[in-house]
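Student: Sequence first, then the predicted structure, then my questions.
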Amino acid sequence: MPTMVWLRRSTTPFCCDECGAVSYRLTPLSAKCSPRLREVNSPPRSVPGGSRPGAPASCGSSPVIAEGIAVASASASSFPSACASNSPSPPPPPPSLPPIRVSEDTSRFRYTNPTGHPSGLRIAHIAAEAMRLVGGGGTRWVVLVDDDIVLSPDNLVVVLGKYDWREMVYVGAPSESHSANNYFSHGMAFGGEGVALSFPLAIALARTLDVCIERYPRLYGSDDRLHACITELGVPLSREYGFHQWDIRGNAHGILAAHPIAPFISIHHVEFVDPIYPGLNSLESLELFTKAMKTEPMSFLQRSVCYDKKQKLTLAISLGYVVQVYPSVLLPPELERSERTYIAFNRMSQRTEFDFDTKEIQKSMCKKPVLFFLKDVWKDGNITRGSYIRSSERDDLKRKVFCFRSPPSSDIDEIQVSASPLSKRWHLAPRRLCSDVKGYVNGTLFMFVRQCGRGAFGSASDSLD
């Protein structure tokens, strides 16, 4: 496993379970952690923080470490008095963790953006400070992330393994928002979801950053300053579709049900979306979400489509999230599009606001799918099994009256999906997964998902032709 330096770029207090190995999960200052979670806070800082307009006030940070990964923390807060009054004195960190570091004073640099905050300078400068902090020591990658993020270190390590860390490499993804990309750049990695810099690129940045950022006083924040300086070095963005800035609000169902065919790496802004699973609150949803992510990281949120030719049904699976049963045959190009159940971070909702393929929410009751959401997931040997329970929003009678037919799978309350592990090279040439319906017993439908064989044409061709 390559060694990485992790930098949390902001300081929202959070509760986490197995931090660093899985995710950062947020709760407000006044919230209580469940018995299996622990609250982590660091002493208040007197320096400003936050990288986006309207970002929530934040108070504490803590370094975390995962096996084989070097971890560093550098962050700041703009409300020290509030932190002092709400946050208890933190316990001393375990000796295995690196010390908490306060980022350097950057007031010597000019900042003239009329709508931003000079904290963007300080956060950008962390990339250079990190290199002085760790020196060499076998470090291959420097990764900057925000703390309101769910992150899969396992998939991140696998994805970065595709690149030669001995070269200058800049890995990440732009925003989902067309407006944000137009304002900043379509070739900029947004830092909330994670920015990965290879060691040579980080070294070059450390040597040139002070001079470089002085040339860009009118830029808004930290991400665009890093991008400007990396652009001066001539290094383009290597886009990875598993990074998700998630510049969205509301119901994230449309994105989660149509995840790109790529390893899931991160989602940002988890506090601005509705609970992921119906019937659970935000923290409970994130617990189940990260449990599914940990159980089988590579296949998490990967999709499969299969058909019941006799009943003319379409079953669309997003592993670890949902099974959608459509009352008609929908071909894969239609299912590839994300249903706009959400709005953009700037509260715009039209199709042209999003830089990926979307479609309108299906309004016809007769065409809407029946949804089965993940209830639990577990390992059975090398097979991953998930139980997906029918959504409580049942409208069977209305469908029967107005659609002149019973709703699809009206006698099914649970779908149990078994999935075999993907090959270690799947991410190098990713492909949508194949699946089959294996049978039906006492209200439970059984399905099996697998990596498509080289001779397979895919579920549509195999099921409908």
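Tutor: Received, thanks. Because the structure is predicted, anything quoted here is derived from the model rather than measured.

Student: Just say helix, strand or coil for the nearest residue to residue 210 once chain neighbours are set aside.
Tutor: Computed as C-beta to C-beta, 6 or more residues apart in numbering, the closest residue to residue 210 that is not its neighbour in sequence is residue 128, at 7.2 Å. In this view, the C-beta of every residue, glycine as well, is placed from N, C-alpha and C. Three-state call for residue 128 (DSSP: H, G, I helix; E, B strand; the rest coil): helix.

Student: repeat for residue 168
Tutor: Once three-state DSSP is applied, residue 168 turns out coil.

Student: quick revisit: could you give the number of residues near the residue nearest to residue 210?
Tutor: Using other C-beta atoms under 10 Å, residue 128 has 21 neighbouring residues.

Student: what sits against it?
Tutor: By C-beta atoms under 8 Å, 6 or more residues apart in numbering, residue 128 lies in contact with 205-206, 209-210.

Student: Surely residue 299 and residue 421 touch.
Tutor: Yes: using C-beta atoms under 8 Å, residue 299 makes contact with residue 421 at a distance of 7.2 Å.

Student: ok, those two, which is more surrounded?
Tutor: Taking other C-beta under 10 Å, residue 299 and residue 421 do not tie; residue 299 has more neighbours (23 against 14).

Student: Next, find the distance separating the more buried one from residue 241.
Tutor: Note on residue 299: its distance to residue 241, by C-beta to C-beta, to the nearest Å, is 15 Å.

Student: Overlap of the contact sets of residue 299 and residue 421?
Tutor: Common neighbours of residue 299 and residue 421 (C-beta under 8 Å, 6+ apart) are residue 384.

Student: How about residue 313: what's its closest non-neighbour residue?
Tutor: residue 408 (5.3 Å).

Student: Quick one: neighbours of that neighbour, just the number.
Tutor: Using other C-beta under 10 Å: residue 408 sits among 21 other residues.

Student: tell me the secondary structure for it?
Tutor: Quick answer, by three-state DSSP: residue 408 is coil.

Student: mind checking the SS state of the spatially most central residue of the chain?
Tutor: Computing the C-alpha centroid of the chain and ranking residues by C-alpha atoms, centre = their mean puts residue 267 first, at 1.9 Å. What three-state DSSP gives for residue 267 is strand.

Student: Can you name the residues that contact it?
Tutor: 149-150, 193, 244, 246.

Student: Generate a markdown table for those, with distance to residue 173, secondary structure and pLDDT as supplementary columns.
Tutor: Below are the contacts of residue 267 laid out as a markdown table (distance: C-beta to C-beta, whole Å; DSSP: H, G, I helix; E, B strand; the rest coil; pLDDT from 0 to 100):
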| residue | distance to residue 173 | secondary structure | pLDDT |
| --- | --- | --- | --- |
| 149 | 13 | strand | 91 |
| 150 | 15 | strand | 94 |
| 193 | 6 | coil | 93 |
| 244 | 7 | strand | 95 |
| 246 | 11 | coil | 92 |
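
Student: Kindly present those as CSV, with separate columns for distance to residue 438.
Tutor: Below are the contacts of residue 267 laid out as CSV (distance: C-beta to C-beta, whole Å):
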residue, distance to residue 438
149, 36
150, 31
193, 37
244, 32
246, 34
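
Student: what's the closest of these to residue 386?
Tutor: Ranked by distance to residue 386 (C-beta to C-beta), these are led by residue 150 at 18.0 Å.

Student: pretty sure that closest one contacts residue 266?
Tutor: Yes: contact criterion C-beta under 8 Å: residue 150 and residue 266 qualify, at 6.5 Å.

Student: If you count surrounding residues, which of the two has more?
Tutor: Comparing residue 150 with residue 266 by other C-beta under 10 Å, the one with more neighbours is residue 266, at 26 against 22.

Student: isn't the more buried one right up against residue 152?
Tutor: Yes: contact criterion C-beta under 8 Å: residue 266 and residue 152 qualify, at 7.0 Å.

Student: list residues touching both of the two?
Tutor: In contact with both residue 266 and residue 152: residue 242, using C-beta under 8 Å, 6+ apart.

Student: Residue 252 touches residue 277, doesn't it?
Tutor: No: in this structure residue 252 lies outside contact range of residue 277 using C-beta under 8 Å: 10.8 Å.

Student: ok, back up a step: can you tell me how far the residue nearest to residue 313 is from residue 434?
Tutor: 21 Å.

Student: how does this protein divide into domains?
Tutor: 3-245, 299-464 (automatic domain parsing).

Student: Turn the ones you listed into a markdown table, including distance to residue 256.
Tutor: Output for the domains of the chain, formatted as a markdown table (distance: least, C-beta to C-beta, whole Å):
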| stretch | distance to residue 256 |
| --- | --- |
| domain 3-245 | 10 |
| domain 299-464 | 5 |
